[in-house]
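Enquirer: My questions concern the predicted model and sequence given below.
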Amino acid sequence: MLKDKKELRLLIFCRQDSRRPVMRKLKEIAKRILGGSSAHHKLVTLPSKMKSTEDIFTDIYVGNKWSGKDSISGTGSDVHQTRIIISELPAVFRNFHIHTMLDIPCGDFYWMKKVNMGSVDYTGADIVMDLIQKNREKFERHNIHFRKLNLIKDAMPKVDLIFCRDCLVHFSFKDIFQALHNICESESTYLLTTTFTDRQHNPDIATGQWRPINLEVAPFVFPAPLRIINEQCTESDGAYRDKSMGLWEISDLRALLTRRSS
């Protein structure tokens, strides 16, 4: 395993002109390190430093590089992998008095459409414009809206709940902190986002790749969440059974980021 990881790091920094053989080798090593057959959890792309974040995720969407059969957002967005969060979200709405919600990234709205929204005013946002256009055509109604937003750069609307599932796991540390600053600047109330509660170390990646992160350990060191919803993830033969959604007050995260930058 250690040899594989060292080899992987060397390959990531190989010259661009040898990209094709490097990618073949990279996929072989990723299989050995990550295990399982889920393409959602493989290093499916080696993003160019010249690509914008929008280009990176548009390319993933256009090429279906997360290999989703039910949802273009990948296997982690099928109904089985989202069954727990579908059933638990209405309780979060009730218990924390959620009336407005931003779901970013919303992807293709495949599983979220099954959530009982009640009277919640929902805005789904994504960096991929084609997804937003299709969602508007299929799903928009009086309390369901869609808009194009870049979580790293664009100002976020002020809402009761920012829901951010399976997103920060694809960002570099730099982009995660920029996204968190944007979230805090929105003056929204709560953040519900993906965290892997058993992980003891968070590796950095290039934006567009994937790894599990635990938001309660370095470099993030979030406080204990108000609530944890374990998703009971069964991907890769249970290798990600600690995958959860953690709920935090954004004011606490704002204070944390302020201390970190001082």
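Expert: Structure received. Numbering: from 1, shown residues only.

Enquirer: His99 versus the most centrally placed residue in the chain, what's the distance?
Expert: The centroid of the chain falls nearest to Cys167 when counting by C-alpha atoms, centre = their mean (1.4 Å). As judged by C-beta to C-beta, to the nearest Å, Cys167 and His99 stand 23 Å apart. In short, each C-beta sits where N, CA and C put it, glycine included.

Enquirer: for Arg141, same thing?
Expert: 17 Å.

Enquirer: More neighbours: these two, which one.
Expert: Neighbour count, other C-beta atoms under 10 Å: between Arg141 and His99, His99 has more, with 12 against 7.

Enquirer: Isn't that one up against Tyr122?
Expert: No: with contacts counted by C-beta atoms under 8 Å, His99 stays clear of Tyr122, the gap being 10.4 Å.

Enquirer: which residues in the stretch 151-262 of the chain form strands?
Expert: Counting by DSSP state E, counting those that start in this stretch, one finds strands in the stretch 151-262 of the chain at the ranges 161-164, 190-196, 227-230, 243-249.

Enquirer: Tell me which of the ones you listed sits nearest to Asp70.
Expert: strand 243-249 (17.8 Å; C-beta to C-beta).

Enquirer: Quick one: work out the angle between that closest one and strand 190-196.
Expert: Counting by axes from the mean of the first three to the mean of the last three C-alpha atoms, to 10 degrees, strand 243-249 lies at 150 degrees to strand 190-196.

Enquirer: chain center to strand 243-249: distance?
Expert: Computed by C-alpha atoms, centre = their mean, to the nearest Å, the chain-centroid distance of strand 243-249 equals 12 Å.

Enquirer: For Tyr240, give me the pLDDT.
Expert: What the model reports as pLDDT for Tyr240 is 97.

Enquirer: Chain neighbours aside, what residue packs nearest to it?
Expert: Excluding its sequence neighbours, the residue lying closest to Tyr240 (C-beta to C-beta, 6 or more residues apart in numbering) is Cys233, at 4.6 Å.

Enquirer: which ones are touching that neighbour?
Expert: Cys233 makes contact with 76, 81, 240-241, 243, according to C-beta atoms under 8 Å, 6 or more residues apart in numbering.

Enquirer: Redo those as a markdown table? Include neighbour count and distance to Ile228.
Expert: Converted to a markdown table, the contacts of Cys233 look like this (neighbours: other C-beta atoms under 10 Å; distance: C-beta to C-beta, whole Å):
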| residue | neighbour count | distance to Ile228 |
| --- | --- | --- |
| Gly76 | 25 | 18 |
| Gln81 | 24 | 17 |
| Tyr240 | 23 | 15 |
| Arg241 | 17 | 13 |
| Lys243 | 25 | 11 |
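
Enquirer: Considering these, which is situated nearest to Asp70?
Expert: Set against Asp70, the nearest of the contacts of Cys233 by C-beta to C-beta is Gln81 (9.5 Å).

Enquirer: in a helix, that's where the closest one is, yeah?
Expert: No: according to DSSP: H, G, I helix; E, B strand; the rest coil, Gln81 belongs to no helix; its state is coil.

Enquirer: What does the pLDDT read for it?
Expert: For Gln81, the model assigns a pLDDT of 94.

Enquirer: what do you get for His40?
Expert: pLDDT recorded at His40 is 44.

Enquirer: I'd like the numbering to begin with 213 instead of 1 from here.
Expert: Happy to do that; since the first residue is 213 now, the last one works out to His252.

Enquirer: Please report how far the residue nearest to Val327 when sequence neighbours are not counted lies from Asp410.
Expert: Leaving aside its sequence neighbours, Val327 sits nearest to Leu301 (C-beta to C-beta, 6+ apart; 5.0 Å). As defined by C-beta to C-beta, Leu301 lies at a distance of 23 Å from Asp410.

Enquirer: quick one, which of those two is more surrounded?
Expert: Leu301 (24 against 11).

Enquirer: The residue nearest to Val327 and Trp323 touch, don't they?
Expert: No: counting by C-beta under 8 Å, Leu301 does not reach Trp323; the two are 10.5 Å apart.
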